[in-house]
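> model the structure of this input:
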Amino acid sequence: MKSAFDAGFHHLIEEERDPHNVAGILKLYLRSLPEPLLTYQLYDQWMEAAMEPDHDVRLRALWSVVNSLPETHLRNLRYLIKFLARLCQNSEVNKMSVQNVAIVIGPNLIWPPVDDSALGMNMTATNLHSSIVDTLITYADWFFPG
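Sure, this is the predicted structure:
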(Lines give C-alpha, C1' and ligand atoms only; values in the text may rest on other atoms or scores of the structure.)
Protein backbone atom coordinates (compact mmCIF):
# COMPACT_ATOMS: atom_id res chain seq x y z
CA MET A 1 0.00 0.00 0.00
CA LYS A 2 2.86 2.38 0.83
CA SER A 3 4.48 1.55 -2.51
CA ALA A 4 1.25 2.42 -4.30
CA PHE A 5 1.10 5.80 -2.55
CA ASP A 6 4.78 6.45 -3.30
CA ALA A 7 4.10 5.65 -6.96
CA GLY A 8 1.27 8.18 -7.07
CA PHE A 9 -1.69 5.80 -6.89
CA HIS A 10 -3.94 7.53 -4.39
CA HIS A 11 -7.20 5.76 -5.17
CA LEU A 12 -7.54 2.84 -2.80
CA ILE A 13 -9.38 -0.30 -3.71
CA GLU A 14 -11.93 -1.45 -1.16
CA GLU A 15 -9.63 -4.01 0.49
CA GLU A 16 -7.01 -1.31 1.11
CA ARG A 17 -9.38 1.09 2.87
CA ASP A 18 -8.85 -0.46 6.27
CA PRO A 19 -8.45 2.55 8.59
CA HIS A 20 -5.66 0.81 10.51
CA ASN A 21 -3.61 0.46 7.32
CA VAL A 22 -4.20 4.07 6.33
CA ALA A 23 -3.28 5.26 9.84
CA GLY A 24 -0.16 3.11 9.72
CA ILE A 25 0.92 4.73 6.46
CA LEU A 26 0.29 8.20 7.88
CA LYS A 27 2.39 7.40 10.95
CA LEU A 28 5.13 5.86 8.80
CA TYR A 29 5.18 8.96 6.58
CA LEU A 30 5.38 11.33 9.56
CA ARG A 31 8.08 9.25 11.23
CA SER A 32 10.16 9.05 8.04
CA LEU A 33 10.41 12.82 7.65
CA PRO A 34 14.01 14.01 8.07
CA GLU A 35 12.80 16.26 10.88
CA PRO A 36 9.62 16.01 12.94
CA LEU A 37 6.74 18.21 11.83
CA LEU A 38 7.04 20.14 15.12
CA THR A 39 10.81 20.57 14.44
CA TYR A 40 13.94 19.85 16.42
CA GLN A 41 14.67 23.55 16.73
CA LEU A 42 11.47 24.16 18.71
CA TYR A 43 11.55 20.93 20.76
CA ASP A 44 12.54 22.60 24.04
CA GLN A 45 9.92 25.33 23.57
CA TRP A 46 7.21 22.72 22.95
CA MET A 47 8.21 20.88 26.10
CA GLU A 48 8.36 24.05 28.22
CA ALA A 49 4.93 25.11 26.98
CA ALA A 50 3.47 21.66 27.68
CA MET A 51 4.80 21.70 31.25
CA GLU A 52 3.14 25.03 32.08
CA PRO A 53 0.67 24.27 34.91
CA ASP A 54 -1.71 27.17 34.23
CA HIS A 55 -4.13 26.19 31.45
CA ASP A 56 -4.49 29.63 29.86
CA VAL A 57 -0.77 30.33 30.03
CA ARG A 58 -0.09 26.88 28.49
CA LEU A 59 -2.48 27.61 25.61
CA ARG A 60 -0.81 30.95 24.87
CA ALA A 61 2.65 29.36 25.11
CA LEU A 62 1.66 26.59 22.69
CA TRP A 63 0.10 29.18 20.36
CA SER A 64 3.41 31.05 20.35
CA VAL A 65 5.37 27.91 19.47
CA VAL A 66 2.86 26.94 16.76
CA ASN A 67 3.35 30.35 15.19
CA SER A 68 7.14 29.97 15.36
CA LEU A 69 7.04 26.99 13.00
CA PRO A 70 8.43 27.37 9.49
CA GLU A 71 5.60 28.16 7.06
CA THR A 72 5.55 24.73 5.38
CA HIS A 73 5.47 22.96 8.74
CA LEU A 74 2.70 25.28 9.93
CA ARG A 75 0.54 24.64 6.85
CA ASN A 76 0.99 20.87 7.13
CA LEU A 77 0.33 20.89 10.87
CA ARG A 78 -2.82 22.97 10.35
CA TYR A 79 -4.15 20.53 7.76
CA LEU A 80 -3.31 17.48 9.86
CA ILE A 81 -4.72 18.85 13.13
CA LYS A 82 -7.94 20.02 11.47
CA PHE A 83 -8.31 16.54 9.95
CA LEU A 84 -7.65 14.85 13.30
CA ALA A 85 -10.16 17.13 15.04
CA ARG A 86 -12.75 16.13 12.46
CA LEU A 87 -11.85 12.46 12.93
CA CYS A 88 -12.36 12.82 16.69
CA GLN A 89 -15.84 14.25 16.16
CA ASN A 90 -16.82 10.70 15.20
CA SER A 91 -15.30 9.05 18.27
CA GLU A 92 -18.63 7.39 19.14
CA VAL A 93 -18.26 5.34 15.96
CA ASN A 94 -14.50 5.05 15.44
CA LYS A 95 -13.52 4.89 19.15
CA MET A 96 -10.76 7.44 18.50
CA SER A 97 -11.13 10.10 21.16
CA VAL A 98 -8.82 13.10 21.20
CA GLN A 99 -6.74 11.34 23.86
CA ASN A 100 -6.45 8.15 21.79
CA VAL A 101 -5.45 10.04 18.65
CA ALA A 102 -2.90 12.11 20.59
CA ILE A 103 -1.32 8.96 22.03
CA VAL A 104 -1.10 7.34 18.59
CA ILE A 105 0.01 10.38 16.56
CA GLY A 106 2.00 12.39 19.14
CA PRO A 107 5.25 10.37 18.93
CA ASN A 108 5.18 10.80 15.15
CA LEU A 109 4.93 14.60 15.27
CA ILE A 110 7.54 15.39 17.89
CA TRP A 111 10.60 13.58 19.15
CA PRO A 112 13.84 14.77 20.73
CA PRO A 113 16.74 15.83 18.51
CA VAL A 114 19.03 13.25 20.13
CA ASP A 115 18.28 9.62 19.40
CA ASP A 116 17.66 8.17 22.82
CA SER A 117 15.86 5.08 21.52
CA ALA A 118 18.55 2.89 23.08
CA LEU A 119 17.56 4.31 26.46
CA GLY A 120 13.85 4.09 25.74
CA MET A 121 11.65 7.14 25.46
CA ASN A 122 11.30 8.96 28.74
CA MET A 123 7.71 8.41 29.88
CA THR A 124 7.35 12.04 30.97
CA ALA A 125 8.43 13.21 27.52
CA THR A 126 6.04 10.77 25.85
CA ASN A 127 3.18 12.04 27.98
CA LEU A 128 4.09 15.64 27.15
CA HIS A 129 4.20 14.84 23.42
CA SER A 130 0.69 13.40 23.65
CA SER A 131 -0.45 16.35 25.73
CA ILE A 132 0.75 18.80 23.08
CA VAL A 133 -1.12 16.99 20.32
CA ASP A 134 -4.20 16.57 22.54
CA THR A 135 -4.29 20.33 23.14
CA LEU A 136 -3.77 21.15 19.46
CA ILE A 137 -6.66 18.87 18.48
CA THR A 138 -8.97 20.01 21.28
CA TYR A 139 -8.42 23.67 20.42
CA ALA A 140 -7.88 23.20 16.67
CA ASP A 141 -10.17 26.07 15.70
CA TRP A 142 -8.40 28.42 18.12
CA PHE A 143 -4.90 27.48 16.97
CA PHE A 144 -5.92 27.33 13.31
CA PRO A 145 -8.97 29.55 12.68
CA GLY A 146 -10.86 29.21 9.44
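> any weak-confidence spans in the chain?
In the predicted model, the chain carries pLDDT under 70 at residues 1-17, 115-121.
> switch the cut-off to 90
Residue ranges of the chain with pLDDT under 90: 1-25, 94, 114-125, 146.
> how near is the nearest residue to Asn90 once chain neighbours are set aside to Leu87?
In this structure, Asn90 finds its nearest non-sequential neighbour in Met96, 7.7 Å apart by C-beta to C-beta, 6 or more residues apart in numbering. No exception for glycine: its C-beta is placed from N, CA and C like everyone else's. As judged by C-beta to C-beta, to the nearest Å, Met96 and Leu87 stand 6 Å apart.
> so for the lengthiest helix in the chain, what gets flagged as buried?
If each helix of the chain is counted by residues according to DSSP state H, the longest one is helix 71-88. For helix 71-88, the neighbour count (16 or more other C-beta atoms under 10 Å) marks His73, Leu77, Arg78, Leu80, Ile81, Lys82, Leu84, Ala85, Leu87, Cys88 as buried.
> number of residues surrounding the residue nearest to Asn90?
18 (other C-beta atoms under 10 Å).
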